[in-house]
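Asks: let's see this in three dimensions:
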Amino acid sequence: MYKIVKGKNFHADETCIIGYMPARKIKDYNLYIGDNAVIRSGTVIYLGSRIGNNFETGHNVVIREENTIGDNFKIWNNSCVDYGCKIGNNVKVHNNVYIAQFTIIEDDVFLAPGVMIANDLHPLCGECMKGPTIKRRARIGINSVIFPHVTIGENVLVGAGSVVTKDIPDNTVAFGVPAKVHGSIYDLRCRMGFKERSYED
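Replies: Okay, the predicted model is just below:
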């Protein structure tokens, strides 16, 4: 037996599936979703995950089993969180994003549209599957690809269309194919002139 626990002010559109049975055998099939969830049409949430307060999806989102997700998680249209991931608080995931199994995403991370995350160094082997670790306040640009096992440091900005194959240190700007460090986030200026620096506390 299993239970589906929904917090206060829970809303899911009629075409959502809340509590889809995984094909994999897992230890805990219970599903917990916190207060103030807004789950839009076409979304499928599998059994066996814990999701915090203020969870919000776009349309046609998939959240697989054995995920631990913090508060204020926003994920938009046609994006997928595969199984076994750990996601912190205040994470925003845009449209058409794939988060591979066993990925770790810390607090306040932003994934732009089309970000693809990989987790297998030897596809179809499965023996060394491990997604990347994306640390606090990192921002990943549109259509970037993040390789397995890498660590993207705190406050990192990854430029659009990059392919990240190696670790990126904290507080840096990286871009390219493969992505390389090109400077510090603190050297970036706001091109629109709204403030002196683009990234500052």
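Asks: ok, now which ones touch the closest residue to Lys166 other than its chain neighbours?
Replies: In space, Lys166 comes closest to Val150 once its chain neighbours are excluded; the distance is 6.1 Å by C-beta to C-beta, 6 or more residues apart in numbering. Using the backbone N, CA and C atoms, a C-beta is placed for each residue, glycine as well. By C-beta atoms under 8 Å, 6 or more residues apart in numbering, the contact list for Val150 reads 132-133, 164-168.
Asks: ok, so of the residues you listed, who is nearest Ile87?
Replies: Lowest distance from Ile87 to the contacts of Val150 (C-beta to C-beta) belongs to Thr133, with 11.5 Å.
Asks: surely the closest one is in contact with Gly153?
Replies: No - in this structure Thr133 lies outside contact range of Gly153 using C-beta atoms under 8 Å: 9.3 Å.
Asks: quick revisit: could you pick out the buried ones from the contacts of Val150?
Replies: Buried members of the contacts of Val150, scored by 16 or more other C-beta atoms under 10 Å, are 132-133, 164, 168.
Asks: list the contacts for Gly52?
Replies: Gly52 neighbours (C-beta under 8 Å, 6+ apart): 34, 69-73, 89.
Asks: what's the separation between it and Gly131?
Replies: Here the criterion is C-beta to C-beta, to the nearest Å. By it, Gly52 lies 20 Å from Gly131.
Asks: likewise Asn54?
Replies: For Asn54, the distance to Gly131 - C-beta to C-beta - is 24 Å.
Asks: just want to know which of those two has more residues nearby.
Replies: Gly131 (25 against 19; other C-beta atoms under 10 Å).
Asks: check what pLDDT that one gets.
Replies: Per-residue confidence (pLDDT) for Gly131: 97.
Asks: which SS state does it fall under?
Replies: Three-state assignment for Gly131 (DSSP: H, G, I helix; E, B strand; the rest coil): coil.
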